[in-house]
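In: have a look at this prediction, sequence included:
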Amino acid sequence: MSDILIYTDGSSRGNPGRGGYGIVLIAAHKRKELAAAFKKTTNNRMELMAACVALEALKIPGSKVTLVSDSKYVTEAINKKWIYGWIRKNWKDVKNPDLWQRFYKVFQQHQVTMQWIKGHNAHPENERCDVLATYAADNGPWDIDTWFENNKA
């Protein structure tokens, strides 16, 4: 059993469009929620951004973590070991390389197990993350996803 449970979700109103992410961190009897919004981004970027921010929020290196996401894009990159091929290829032809590099840097600092969960399936923490993400996307305040804005096709 992990010491820390993390639930994440991302949202985009249009793809690209206004986006947001939601995070629920649970450790012992403590619970913390995080959310943020971006003016123009994609759903995959918000899913991955949520995972990055959640792991960056951990204060103790080497934490044993289960990160639960309804994004196969995020979970399968680790569970199917795609990320290691991307690293070998120096991130060439990888979508969202800025966030994958950011994710991998913090992922290595902890003992992380990635777990996929079906979205919109009445799981309380996943549903809460969805509410946080969509509320942020709809209501802001919106930050700028600088890498996306500078590198979009």
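Out: All right, it came through fine. Residues are numbered from 1 along each chain as shown.
In: so which residues of the protein form strands?
Out: 4-14, 17-27, 30-41, 64-69, 111-116, 142-143 (DSSP state E).
In: Y104: what's it in contact with?
Out: I83, I87 (CB atoms under 8 Å, 6 or more residues apart in numbering). Glycine gets a C-beta too; all of them are placed from N, C-alpha and C.
In: what's the answer for A77, then?
Out: I83, W86, W100.
In: mind listing what's buried along the helix-or-strand element of the chain with minimal mean pLDDT?
Out: Every helix and strand in the chain was compared by mean pLDDT, DSSP states H and E; the lowest is helix 146-151, with a mean of 93. By neighbour count, with 16 or more other CB atoms under 10 Å as the criterion, the buried positions of helix 146-151 are F148.
In: ok, I78 touching M114?
Out: Yes - under the criterion of CB atoms under 8 Å, I78 makes contact with M114 at 4.5 Å.
In: what is the longest helix along the chain packed up against?
Out: When the chain is parsed with DSSP state H, its longest helix is helix 124-139. Using 3 or more CB pairs under 8 Å, 6 or more residues apart in numbering; DSSP states H and E, the elements in contact with helix 124-139 are strand 4-14, strand 17-27, strand 30-41, helix 43-56.
In: now with 10 Å, please.
Out: Applying 3 or more CB pairs under 10 Å, 6 or more residues apart in numbering; DSSP states H and E, we find helix 124-139 packed against strand 4-14, strand 17-27, strand 30-41, helix 43-56, strand 64-69.
In: redo the ones you listed as TSV? Include mean pLDDT, distance to K105 and mean neighbour count.
Out: Formatted as TSV, these follow (pLDDT from 0 to 100; distance: least, CB to CB, whole Å; neighbours: other CB atoms under 10 Å):
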stretch	mean pLDDT	distance to K105	mean neighbour count
strand 4-14	96	17	24
strand 17-27	97	18	23
strand 30-41	97	19	18
helix 43-56	98	9	24
strand 64-69	97	15	20
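In: would you turn the ones you listed into CSV with distance to P124?
Out: CSV is the format used below for these (distance: least, CB to CB, whole Å):
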stretch, distance to P124
strand 4-14, 9
strand 17-27, 9
strand 30-41, 11
helix 43-56, 17
strand 64-69, 12
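In: for E125, which of the ones you listed is the nearest?
Out: strand 4-14 (4.0 Å; CB to CB).
In: so which elements touch that closest one?
Out: Using 3+ CB pairs under 10 Å, 6+ apart: strand 4-14 touches strand 17-27, strand 30-41, helix 43-56, strand 64-69, helix 72-79, strand 111-116, helix 124-139.
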